[in-house]
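Student: Dropping the sequence and predicted coords here.
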Amino acid sequence: NVAYVYMNQGKLDDAKAWLDKAAAKQGAAEVLSNQGVIAVWEGDFEAGKASYEAASEAGGNLSNNLGILHLRSGDYTSALEYFGTNCSYNSALTNLLSGANDKAKAQGDCADKSAATSYLQAITGARMGDAATMSAKLKEAVSGDASYRKDALSDLEFKKYWESTDFKTAVQ
């Protein structure tokens, strides 16, 4: 649990030290999985994959982590296989990046609600030419996390909407 707290604080060296201590005592699936998460965050996809495989052998369910690994490495087909039919932000993002806008919309609609999900749904709306959805979801994102206002003003996903009333209203 200490390692998890450090991971959430972005203190990866401290988290790694605690995970190494835990792994030395017992190579539990959770420890191995978190070691994989840190490796992937640091861009070491091979070490992340090795940790995930070891965690899987120890009885862990690593579908989501392996999906994220493949998403980050650009292998969208494999990522979607690991995500399965679960509704999630990551599944919606993977579908969007692979050009499956309709699937991205469906996944975004049933994913956990957050400012990040709303921002992703706004991008999906923009890509689909749906100004109403783009505006409504962008407004939700900005009200949930004001930093999305600045992001939207320079995000090329919204370029064709920058001068529209829908866009300007959404980022007020």
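Tutor: Perfect, thanks for sending it.

Student: Under the pLDDT cut-off, which ranges of the protein? List them.
Tutor: Residue ranges of the chain with pLDDT under 70: 24-27.

Student: Tell me which residue lies nearest the centroid of it.
Tutor: The residue lying closest to the centre of the chain (Cα atoms, centre = their mean) is Asn90, at 4.4 Å.

Student: can you give me the helices in this protein?
Tutor: All helices of the chain, identified by DSSP state H, fall at 2-8, 12-25, 29-41, 45-57, 63-72, 76-83, 89-97, 101-110, 115-127, 131-144, 147-154, 165-170.

Student: and the fourth one, how far from the chain's centre?
Tutor: Chain-centre distance of helix 45-57: 19 Å, with Cα atoms, centre = their mean, to the nearest Å.

Student: Check which helices and strands it is in contact with.
Tutor: Applying 3 or more Cβ pairs under 8 Å, 6 or more residues apart in numbering; DSSP states H and E, one finds that helix 45-57 contacts helix 29-41, helix 63-72. Using the backbone N, CA and C atoms, a C-beta is placed for each residue, glycine as well.

Student: Pull the distance from the last one to the chain's centre.
Tutor: This means helix 63-72. 9 Å.

Student: about what we covered before: quick check, the residue nearest to the centre of the chain in contact with Leu66.
Tutor: No. Using Cβ atoms under 8 Å, Asn90 and Leu66 do not qualify as a contacting pair, with a distance of 11.2 Å.

Student: Overlap of the contact sets of those two?
Tutor: Common contact partners of Asn90 and Leu66 (Cβ atoms under 8 Å, 6 or more residues apart in numbering): none.

Student: re earlier: okay, the helices and strands packed on helix 45-57 in JSON lines with mean neighbour count next?
Tutor: Formatted as JSON lines, the helices and strands packed on helix 45-57 follow (neighbours: other Cβ atoms under 10 Å):
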{"stretch": "helix 29-41", "mean neighbour count": "22"}
{"stretch": "helix 63-72", "mean neighbour count": "20"}
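
Student: want to throw the ones you listed into TSV with distance to Ala106?
Tutor: Converted to TSV, those look like this (distance: least, Cβ to Cβ, whole Å):
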stretch	distance to Ala106
helix 29-41	26
helix 63-72	17
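
Student: Go through the ones you listed and name the closest to Ser118.
Tutor: Ranking the helices and strands packed on helix 45-57 by proximity to Ser118 (Cβ to Cβ) places helix 63-72 first, at 19.6 Å.
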